[in-house]
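Colleague: Attaching a predicted model along with its sequence, questions to come.
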Protein chains: 2
Amino acid sequence: MLFIKVMSYPLNLPLKHTSTLSNSALIPLLLALDFGGTKHTAATIYRGAQRWHTHKRAFSPRNANASTDLEIMISLAREILAGEKPAAIGVSFGGPVDFTTGTVRLSHHVPGWETIQLRQLLEDEFNAPASVDNDANVAVLGEYRFGAGQGYDSLIYITVSTGVGGGWILNGQPWRGFGGMAGEIGHTVADPNGPICLCGKRGCVERLASGSYIAQQVREWLQEQPNQGQVLRTLVNDDLNAITGQSVSQAAAKGDALAIQALERAGWALGIGIGNAANLINPQLFVLGGGVTKAGERFWETLRRVARETALPEVDFEIAQAVLGDDAPLWGAVALAEDLLANVSPKFF
Amino acid sequence: MLFIKVMSYPLNLPLKHTSTLSNSALIPLLLALDFGGTKHTAATIYRGAQRWHTHKRAFSPRNANASTDLEIMISLAREILAGEKPAAIGVSFGGPVDFTTGTVRLSHHVPGWETIQLRQLLEDEFNAPASVDNDANVAVLGEYRFGAGQGYDSLIYITVSTGVGGGWILNGQPWRGFGGMAGEIGHTVADPNGPICLCGKRGCVERLASGSYIAQQVREWLQEQPNQGQVLRTLVNDDLNAITGQSVSQAAAKGDALAIQALERAGWALGIGIGNAANLINPQLFVLGGGVTKAGERFWETLRRVARETALPEVDFEIAQAVLGDDAPLWGAVALAEDLLANVSPKFF
C-alpha cells in the first residue's frame, strides 16, 4: 500500500548565518516530521547544520486514515534513522493541534485523527522528546529561524496555496492565540459583498485569493464568456475542469486577460488582508509563500500597492517572499526539536 | 488662563480583588497623569488601593500648545501632591509615544508636542521614575489590571468615541507593535466600497462606527430625506449641526428609524472588525468602551452577531463592556507606575 518516494537530494538551505556541516556522534541528531494532507516527509539533521542528513517523502494511499498515516511516517523515520536514536523530534501536523499536550484535534483531510496523542505516541516509539504543532505555526517558525524571517522579531507567514493560512511570531515567539487558532488571515473579510466562502461568509481573503478558488472563478468566467481566455483554454486543451491556480498563473504570464484579472483580484484581497493585519498588529514583516505567490510581478505589485494603501501611513512593514518552499514546516520542526534540547526531560536519558 | 476644575469624588473602582485602603507613609504614593486632547487629569493613589487619594481635572485653554498643556498638568500634580514626593509616575498621552524612551512623537490635537521628551521632563520635575505610553496602550492596561480584563491573558480594548482606537494585551503584556502602532482596528477595512475615511481609504471601521462619523452620516440622511428622523430633529430643535453621536443614541432609544439604522451600521462595522481580529489573533476577550458603546442593546446585539458570524466557528472569544470609563487611561497609568516600582532606577533614591 505504501508508495515511498526516496528523494536523493540534500537540500541547500539559504541560511544567512554559516555553520559547519558535521556528522560527529557528539552532535545531536534531530528528527523532523511533516504530516501533510496527502504527503508525509521525514528528515534528519545534525544540530546546527545547514542541510539535511537524510530526507524522504511518501504519499498517502487512497482512503488513508490516521493509522496508515502513522504507519507511513514511522516507517519513513525508521528508514532514515537507520538505527540511530534521535536526540529530539519536531513535528508539523496539517490540522489543529493542542501544542501544550501535543494532541492532534483532527485532520481536515484524513479521518481518524480526532484526539490522537501524537507527541506521546512518537516519544514512546522513538524514546526521545517530541514537540508537535500545526503546520502554520511550524512553518512560520521555519521561516523565522532559517528563512526569510531571520533577524526579524515580529512577523506573520502567510501561505497562499489551496487555502490561505498563516502563523505569527511576536516578540520572537510563536503566537498561537488563546485557543490555538491565531493566524487565520484567510478568513478575514476583504469584501463583505463578495462571493460566499466555504466557511459560510462572503468575500474572505481565501475565497478571493486561494489557488482553488482562483481556478473556480476563472472557470465560471470562461463558461459565461465563450470568447474570452483563449490562452488559458489552449493551455488546458479546452478542458475547463483541468484549470488550476497554476495554469491561471501560466496563462497570465502569457498575457491572458481573464487570468490577469483573477490574479489581480487575488492580489487585491491579499493586500486588504495584509494592510488590515498591519494596522491591527504592526508586525515588522509579512512572509508570503505557497503556489499562488509564484504568479508573477503583476500579482505582487497589486498586493504590495493595496497593502500599502490599506495600512495607515505611519504603519511600516516589509513584505518578502518565503524562501524555504514546501520544506518550511520541516525546518520549523527542526526549530521545535532544537528548542526541546534546551530543556529536555530527564526521562529520555 | 488655566481653568482648573476640582473634582470632589474619590472614585470607587469595580475591582474584583480586594485590598485595604491605606495612607500610611510606608505605602508608596503613585502619581497618575492623563494628557487628553482637551482635558488633563492628575491623580494620586496609594499602591494597592482601590480608590484615588486625590483626583483633579483641568480643561485646556483655547489655542493650547505643549507648553500650556505641561503647565496645566504640572500645576495640577503639584496641587494634589501637596508637598508629598511620588514614588513613581505613570503617564497616558493622547498621541503616538516612543515607549522605550518616553518621547512624545506628536499630538493630533495640540501643536508643539513634536519630539518632546516627556518622561525625562517629568522625572526631572518630580525627582521620581516615570513611564509614558499612548492612551490606547495605557487604557488597555487599565482595563486589564483593574477593570473588565482582570483574569484574562490576551485581549484588545477598543474605544469607540470620536474616533475608534485600540490597544492589545498579549501574554499579559502590552503588545505595541514594531513601530508602536498596533491596535489601529479603527482603520481596518469593513467595506471596501464604503464612504471615504479621513485616512484616505474607503469603509474603515472608524468611518462607519465613530461617534463623529455616525453624526455626520445621520445629518446627511436627514438632509436627503426631509420627512424622516422626526424624533432626532425634535431632539436637536431642528438644528442638524447640533447632532452628535450621543443624540443619535438618544433618538435610537426613542425608536427613531434613521438613528437605529446608523447605529446598526456602526455595530455591523465593529462586528466585522472584531471578527477579523479574532481570526487573526484569537484573543480571549474584546473590551469595548467609549460613548458609542452606550448606544443600547440593539447596537450591541448587532455587533455581537456580526462578530460571531465573521469569526470562524472554532474561534472563541468574549465581548465585554469596559468598566473604567474615562478613567481607564488613568488606571493604566497607575499600572505603569506600579511596574516601575518593581524595577526602579537607583538614581531616584
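Modeller: Cool, the structure landed. Bear in mind the structure is a predicted one, so any value in this text is a computation, not a measurement.
Colleague: nearest spatial neighbour of A:Ala43, skipping sequence neighbours?
Modeller: A:His55 (4.2 Å; CB to CB, 6 or more residues apart in numbering or on different chains). All C-beta spots, glycine's among them, are computed from the backbone N, C-alpha and C.
Colleague: Which helix or strand contains that neighbour?
Modeller: Here A:His55 sits within strand A:54-59, counting by DSSP states H and E.
Colleague: Could you give the number of residues near A:Lys265?
Modeller: Wrong residue type there; residue A:265 is Arg, not Lys. 20 (other CB atoms under 10 Å in any protein chain shown).
Colleague: Let me see the contact set for the closest residue to it other than its chain neighbours.
Modeller: Leaving aside its sequence neighbours, A:Arg265 sits nearest to A:Leu208 (CB to CB, 6+ apart; 5.7 Å). A:Leu208 makes contacts with A:Ala190, A:Asp191, A:Gly194, A:Pro195, A:Arg265, A:Ala266, A:Trp268, A:Ala269, as judged by CB atoms under 8 Å, 6 or more residues apart in numbering or on different chains.
Colleague: Just the buried subset of the residues you listed, please.
Modeller: Listed as buried from the contacts of A:Leu208 are A:Ala190, A:Asp191, A:Gly194, A:Arg265, A:Ala266, A:Trp268, A:Ala269; burial here means 16 or more other CB atoms under 10 Å in any protein chain shown.
Colleague: Go through the residues you listed and flag which are in strands.
Modeller: Using DSSP state E, no member of the buried ones among the contacts of A:Leu208 falls within strands.
Colleague: quick check: domain ranges of chain A?
Modeller: Per the record, chain A has its domains at A:3-142+A:327-348, A:152-322, by automatic domain parsing.
Colleague: burial count for the residue of the stretch 101-250 of chain A found nearest chain B?
Modeller: Using CB to the nearest CB, A:Gly177 is the residue of the stretch 101-250 of chain A that sits closest to chain B, at 2.5 Å. Neighbourhood size, A:Gly177 [other CB under 10 Å]: 24.
Colleague: Now do it, the pLDDT please.
Modeller: Note on A:Gly177: pLDDT of 96.
Colleague: so what's the backbone phi/psi at it?
Modeller: Per-residue torsions, A:Gly177: phi 90, psi 170 (degrees, to the nearest 10).
Colleague: can you state the direction angle for the biggest helix by length in chain A and helix B:257-281?
Modeller: Once chain A is assigned using DSSP state H, the helix that runs over the most residues is helix A:257-281. Regarding helix A:257-281 and helix B:257-281, their directions subtend 90 degrees when assessed with axes from the mean of the first three to the mean of the last three CA atoms, to 10 degrees.
Colleague: mind saving the C-alpha coords of the helix or strand following helix A:257-281 as CSV?
Modeller: Tracing the chain past helix A:257-281, the next element assigned as helix or strand by DSSP H and E is strand A:285-289. Output of strand A:285-289 as CSV, limited to C-alpha atoms (Å, rounded to 0.1, in the frame of the first residue of the first chain):
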residue,chain,number,x,y,z
LEU,A,285,7.4,41.6,8.2
PHE,A,286,4.9,39.7,6.2
VAL,A,287,6.4,36.5,4.6
LEU,A,288,4.3,35.0,1.7
GLY,A,289,4.7,31.5,0.4
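Colleague: What lies in contact with strand A:285-289?
Modeller: Defining contact as CB under 8 Å, 6+ apart, one finds that strand A:285-289 is touched by A:139-140, A:143, A:147-149, A:152, A:154-160, A:270, A:274, A:277-278, A:303, A:307, A:317-322, A:324-325, A:328.
Colleague: 7 Å - rerun?
Modeller: Strand A:285-289 is contacted by residues A:143, A:148-149, A:152, A:155-160, A:274, A:317-322, A:328 when judged by CB atoms under 7 Å, 6 or more residues apart in numbering or on different chains.
Colleague: How about stretch A:318-331?
Modeller: So stretch A:318-331 is in contact with A:11, A:14, A:32, A:34, A:41, A:43, A:92, A:135, A:138-139, A:142-143, A:146-148, A:157, A:274, A:284-289, A:293, A:304, A:307, going by CB under 7 Å, 6+ apart.
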